[in-house]
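[1] Give the three-dimensional model of this entry:
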Amino acid sequence: MLELVKAGGWPMIPLLLLSAVGLAIVVERFWTLRRKSVLPPGLGGEVRAWAARGRLDPAHIESLRATSPLGALLAAALDVRQRPRDQVRERIEDVGRHLVHRMERYLNTLGTIAAAGPLLGLFGTVVGMIQMFLGILDHGVGDVNQLAGGIGKALVCTATGMIVAIPALMFHRYFRGRIAGYIVDMEHEAIQLLDTLDARDHGLRPASARVAPGTHGISPPVEAG
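    Numbers count the residues shown, from 1 in each chain. Prediction:
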């Protein structure tokens, strides 16, 4: 392996750096975008239960906001729960855009690595070929086997660029798809919360709101009375 790196020459250095950065981003995104971190199980039902009882105090909403992206989205809806439904939806959409931007952190960098890897590999190959042909001008063709070996070494950079770029592209698409799925689920939870708020305003209590509170480390609201 070390011999291949030496054969590629100095253009291998940025390729190795790109591979290290890409690996770090993939590991970090896998950890950050775990489902239980983005969409804690049962959190939506728990919040609907509290919303159905009403009187969510500001401290409780702030603790909900800090739990996860889903908690932040539901807290944004509860912040404006007294407004008309269309205004609440606008707030949810606005906060949702910010959450998508936060979840897509580093993905542009990963996409850049996927695009730059083959170009850097091709650049390294071109540099190697130029050096080889300059050597031919100075010393002649010489041994044909040696010439073929020089071409093979020059192509090492191209192969390395593809090895770096292909996984980066695959993980970039994978994380984008995972985030899109999360957004659909978060939107579904937000709509259910809106339905619960509407039902409460009309004196109804949806069955989906009958969930025991306190299962996500959020203190239940203190009701007056």
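
[2] Which stretches in the chain count as helices?
    2-8, 12-32, 35-38, 43-53, 58-65, 69-79, 85-103, 107-139, 144-154, 156-201 (DSSP state H).

[3] for the record, mean pLDDT for the first one?
    Helix 2-8 carries an average pLDDT of 67.

[4] ok, now the shortest one?
    Helix 35-38 comes out with an average pLDDT of 92.

[5] Can you point out the buried residues in that helix?
    Buried residues in helix 35-38, counted by 16 or more other C-beta atoms under 10 Å: Val38. All C-beta atoms are positioned from the backbone trio N, CA, C, and that covers glycine.

[6] For that helix, C-alpha coordinates in PDB please.
    What follows is helix 35-38, C-alpha atoms only, in PDB (Å, rounded to 0.1, in the frame of the first residue of the first chain):
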ATOM      1  CA  ARG A  35     -33.300   7.800  14.500                       C
ATOM      2  CA  LYS A  36     -33.700   7.800  18.200                       C
ATOM      3  CA  SER A  37     -31.800  11.100  18.300                       C
ATOM      4  CA  VAL A  38     -33.900  12.800  15.600                       C
END
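
[7] Does anything pack onto that helix? Which helices or strands?
    In this structure, helix 35-38 packs against helix 156-201, with contacts taken as 3 or more C-beta pairs under 8 Å, 6 or more residues apart in numbering; DSSP states H and E.

[8] Give me the helices and strands touching the helix it packs on, please.
    Against helix 156-201 (3+ C-beta pairs under 8 Å, 6+ apart) you get helix 2-8, helix 12-32, helix 35-38, helix 43-53, helix 69-79, helix 85-103, helix 107-139.

[9] any weak-confidence spans in this protein?
    Across the chain, the ranges flagged by pLDDT under 70 are 1-8, 55, 135-150, 201-225.

[10] switch the cut-off to 50
    Flagging of the chain using pLDDT under 50 yields the residue ranges 205-213, 219-225.

[11] that older thread, reformat the helices and strands packed on helix 156-201 as JSON lines; add distance to Ile179.
    Output for the helices and strands packed on helix 156-201, formatted as JSON lines (distance: least, C-beta to C-beta, whole Å):
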{"stretch": "helix 2-8", "distance to Ile179": "35"}
{"stretch": "helix 12-32", "distance to Ile179": "9"}
{"stretch": "helix 35-38", "distance to Ile179": "9"}
{"stretch": "helix 43-53", "distance to Ile179": "18"}
{"stretch": "helix 69-79", "distance to Ile179": "10"}
{"stretch": "helix 85-103", "distance to Ile179": "5"}
{"stretch": "helix 107-139", "distance to Ile179": "8"}
